[in-house]
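**Student:** Attaching a predicted model along with its sequence, questions to come.
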Amino acid sequence: MPFRTRTAVSGVVLATAAVLLCSTAAAARPAAAPPGWSAAPAPGDGAAPGTADRPYFYLEGAPGTVMSDRLSLSNPTGHAVTVRLRGSTPGAWLALASTEVKLPPQTRASVPFTVTVPRDAAPGERSGSLLATRGRGSGADGRDAVPVHLRVTGRPLSALTVEQVSVRRRGPAALIRYTLVNRGNTVLAPRLAVRADGLFGPVLRRAPRALPTTLRPGQGVDLTETWADPPRLDAVDLRLTATAGGGAHGSATATYTTAPWGAVAGGMLLLVAGVGGPVVVRRRRRAGGAREVPGARGAEGAGTARGTAGEAPPPGGDRAYAAGQLAGTGPGARS
C-alpha cells in the first residue's frame, strides 16, 4: 500500500510538471502576427541584390542618371486597404507614380518610382526609404518602411580650404575665428591643428583633432577656437591646418600683436618726454638769442660802417690824406 501511495504521488507530481512545462513553452513561443498588408521591393526588378526576396532597394548610377524600380504592396486580408506612399531620399530625387493606392482584398499591386541623380551630385553613398502608411478610412492598421540605398558613381575629389582667419582679444583669453569650406565632391569629416609662434619661439601647439561637424560638397561652416592664455606682449604668427579623408588639406595664417595698454601709454609718455624736452630747450635758446644778438650786431655794424666811411682816403691819394690828418683839416679830422 505504501508503495502504491508513493507511485500515485509521483504520478501526480510528474503530471503537474508536464503541464507547467507545456504552459511555459507555449508562453515562450511568440504569437503569430495577424495577416495584414505589407510593402516590399517588387521581385525580379531593380539592381543588386536582385533576389526574389529583396530586403531593400539598391540603385547605382552616375550624376544625371534616371533609375527606376517598383514597390510591391500586398493585401492578403479580406477587406480593402488604402495605403499612402512617400519617399525620404535626399532632396527630391525620388518620384512615385502614385502617392495613394487602394488595395482590394486578396490583391497585390506594384507602384513604379524613379530616382533622378542630380548632375552636380557628389560621388558616394546615400540612404533613404519608401514609407507606406495606412490611409484614412482603411480597415487595417500599420506602417511599413522599405530601405533605399543609393550609390552615386564617379571619381571622388577631396578638397578643403581654411578661410577668413582672425584673432580677437576677449578678456584674458583670445578668440580665433575661421571658416572651413568643402571644395570637393565628397563628404568630409575635418580635423584641425593650431600652431602659433611669437618673437621668442612657440606660444601655442594643438595637435590635430576631429571637429564635431561634417561638410557636404560645397558647404562652408564658421567655427571658433578659444585660446585661454595668449601672450600679453608679443607679435604672433598663427597657422590653422585642416585635414580630412582622401588627402584633403588646407591651411591659412593670421597675425596677432598684443601689448598691455599701461605699458604702451607709459612708453609713449617717455618717448614724448625724451624727444620733446630737448626740442623745447633748443627753441627757447633760439628765441633768447633772436632778442639779444641782432641789436648788438646792428650797433657794431653801424659803427664800423661809419668808421670805415670816415677813414676812407680821398681821391687825391694816400699822401694827401695823411697830410690832412696831421694838419687836422682832412675829411677824417675830428673837431
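**Tutor:** Alright, I've got the coordinates. Numbering: from 1, shown residues only.
**Student:** I'd like to know how far residue 173 sits from residue 163.
**Tutor:** Distance from residue 173 to residue 163, counting by C-beta to C-beta, to the nearest Å: 23 Å. For glycine as for every other residue, the C-beta is placed from the backbone atoms N, C-alpha and C.
**Student:** Buried residues, stretch 92-102. List them.
**Tutor:** By neighbour count on 16 or more other C-beta atoms under 10 Å, the buried set for stretch 92-102 is 93-94, 96, 101.
**Student:** quick one: which of those residues is nearest to residue 121?
**Tutor:** Set against residue 121, the nearest of those by C-beta to C-beta is residue 93 (8.4 Å).
**Student:** Without its sequence neighbours, what residue ends up closest to the closest one?
**Tutor:** Ranked by C-beta to C-beta, 6 or more residues apart in numbering and with sequence neighbours excluded, the top spatial neighbour of residue 93 is residue 115, at 5.3 Å.
**Student:** ok, now residue 210?
**Tutor:** That would be residue 191: by C-beta to C-beta, 6+ apart, it lies 5.3 Å from residue 210.
**Student:** who's that neighbour bridged to?
**Tutor:** Beta-bridge partners recorded for residue 191 (DSSP bridges): residue 210, residue 243.
**Student:** show me where pLDDT drops low in the stretch 201-335 of the chain?
**Tutor:** Applying pLDDT under 70 to the stretch 201-335 of the chain picks out residues 260-335.
**Student:** Quick check: end-to-end length of stretch 177-190?
**Tutor:** The straight-line separation of the ends of stretch 177-190 (C-alpha to C-alpha, to the nearest Å) is 16 Å.
**Student:** tell me the mean pLDDT over it?
**Tutor:** Averaging pLDDT along stretch 177-190 gives 94.
**Student:** likewise stretch 107-122?
**Tutor:** Averaging pLDDT along stretch 107-122 yields 91.
**Student:** For the remainder of this discussion, apply numbering that starts at 245.
**Tutor:** Got it, the first residue is 245 from now on, which makes the last one we talked about stretch 351-366.
**Student:** Buried residues, it. List them.
**Tutor:** Going by neighbour count (16+ other C-beta under 10 Å), the buried part of stretch 351-366 is 353, 355, 357, 359-361, 365-366.
**Student:** Return the set of residues that bridge with residue 496.
**Tutor:** residue 484.
**Student:** burial measure for residue 501, as a count.
**Tutor:** 11 (other C-beta atoms under 10 Å).
**Student:** That one against residue 479, yeah?
**Tutor:** Yes: between residue 501 and residue 479 there is a contact at 4.8 Å, judged by C-beta atoms under 8 Å.
**Student:** partners of residue 414 in the sheet?
**Tutor:** Partner residues in beta bridges with residue 414, using DSSP bridges, are residue 417.
**Student:** that's a strand at residue 490, yeah?
**Tutor:** No: with DSSP: H, G, I helix; E, B strand; the rest coil as the criterion, residue 490 is located in helix rather than a strand.
**Student:** now residue 346, nearest residue through space, not along the chain?
**Tutor:** Counting by C-beta to C-beta, 6+ apart, residue 326 is the residue found nearest to residue 346 once chain neighbours are left out, at 4.9 Å.
**Student:** likewise residue 421?
**Tutor:** Leaving out its chain neighbours, the residue that sits closest to residue 421 by C-beta to C-beta, 6+ apart is residue 410, at 5.0 Å.
**Student:** Show the contacting residues for that neighbour.
**Tutor:** The contact partners of residue 410, by C-beta atoms under 8 Å, 6 or more residues apart in numbering, come to 420-422, 498.
**Student:** Name the helix or strand for it, please.
**Tutor:** strand 404-414 (DSSP states H and E).
**Student:** same deal with residue 349?
**Tutor:** Per DSSP H and E, there is no helix or strand for residue 349.
**Student:** residues in contact with it?
**Tutor:** Neighbouring residues of residue 349 by C-beta under 8 Å, 6+ apart: 319, 321-324.
**Student:** Can you tell me which of those residues is nearest residue 472?
**Tutor:** residue 319 (64.9 Å).
**Student:** Give me the number of neighbouring residues for the closest one.
**Tutor:** Residues within reach of residue 319, counting by other C-beta under 10 Å, total 25.
**Student:** again with the one 5 residues further on
**Tutor:** Applying other C-beta under 10 Å, we find 16 other residues in the vicinity of residue 324.
**Student:** again, but for residue 477
**Tutor:** The tally of other residues near residue 477 (other C-beta under 10 Å) stands at 12.
**Student:** Give me the phi and psi for it.
**Tutor:** Per-residue torsions, residue 477: phi -150, psi 100 (degrees, to the nearest 10).
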